[in-house]
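[1] Could you work out the structure for the sequence below:
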Amino acid sequence: MNEEAPAEAAPLKAVIVVTVYRRYFELDLALRNIQALKHEFATPPDVVVVWACPEVGHLWNFQALKIEGLITEVVTRMPLQTDGPGKATTHPESVNIRMGLEYVRDNYDPQTTYAIVQAADVVPRGDRAFLVTDRNMQLGSKAMVFYWPGGMVQDNIWHTNFFAVCLQEDY
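    Down below sits the predicted model:
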């Protein structure tokens, strides 16, 4: 009897959602960092940028980054009343994150894809955050967050400026 071994499942695809609000220099650094560390993923990730409060004068930059292959897609978010100097960033950033995750959910297969969300000013390097994140998600984790203490608050500091999540909305 000739039994075939079961086919090994293809690795999950990561889609990195990068959120940006007028931090174009930091965005460029983050995208080049992702490009340099693509080898840490089981399969090369796509990169979706959520551009909050788009400024027409900077459109050329996003087009150039897309042509260069550093961005797969740009999703724009129009201004909110809570945007602007001197205002808290929590609400606008939560809208950016939701828009990015909804884009990934609606345009990729939730069974074969997971999302990494990072702010444009986050540049994971020496700690191998991409490698560790991808390996954990490949092994079946539903989400992964990092504990980064800082400043006055030292307890329950689970940052939303870099995390991974499967595409099940419960997570």
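
[2] how about the helices of this protein, start to end?
    24-36, 59-67, 90-107, 129-138 (DSSP state H).

[3] Just say which of the ones you listed is most tucked in.
    Neighbour counts (mean count of other C-beta atoms under 10 Å) averaged over each of the helices of the chain peak at helix 129-138, with a mean of 19. No exception for glycine: its C-beta is placed from N, CA and C like everyone else's.

[4] same for that helix, what does it pack against?
    Packing partners of helix 129-138 (3 or more C-beta pairs under 8 Å, 6 or more residues apart in numbering; DSSP states H and E): strand 13-20, strand 113-119, strand 143-147, strand 158-166.

[5] Quick one: closest of these to residue 47.
    Of all those, strand 13-20 sits nearest to residue 47, with 4.9 Å by C-beta to C-beta.

[6] In its sheet, which strands sit next to the closest one, and in what direction?
    strand 46-52 (parallel), strand 113-119 (parallel) (DSSP bridges).

[7] what's in contact with it?
    26-27, 30-31, 34, 41, 43, 45-52, 72, 93, 96-97, 100-101, 103-104, 108, 112-120, 133-134, 137, 164 (C-beta atoms under 8 Å, 6 or more residues apart in numbering).

[8] show me the contacts for residue 99.
    For residue 99, the contacting residues are 50, 75, 77, by C-beta under 8 Å, 6+ apart.

[9] Highest neighbour count among the residues you listed?
    The most crowded member of the contacts of residue 99, judged by other C-beta atoms under 10 Å, is residue 50 (25 neighbours).

[10] Residues in a beta bridge with that one, which ones?
    Beta-bridge partners, per DSSP bridges, of residue 50: residue 19, residue 75.

[11] From the rest of the structure, what touches stretch 105-122?
    In this structure, residues lying in contact with stretch 105-122 by C-beta under 8 Å, 6+ apart are 10, 12-21, 23, 26-27, 30, 45-46, 73, 93, 97, 100-101, 104, 124, 130, 133, 137, 160-169.

[12] The same query, at a cut-off of 7 Å, please.
    Contact with stretch 105-122 is made by 10, 12-20, 23, 26-27, 30, 97, 100-101, 104, 133, 137, 161-168, as judged by C-beta atoms under 7 Å, 6 or more residues apart in numbering.
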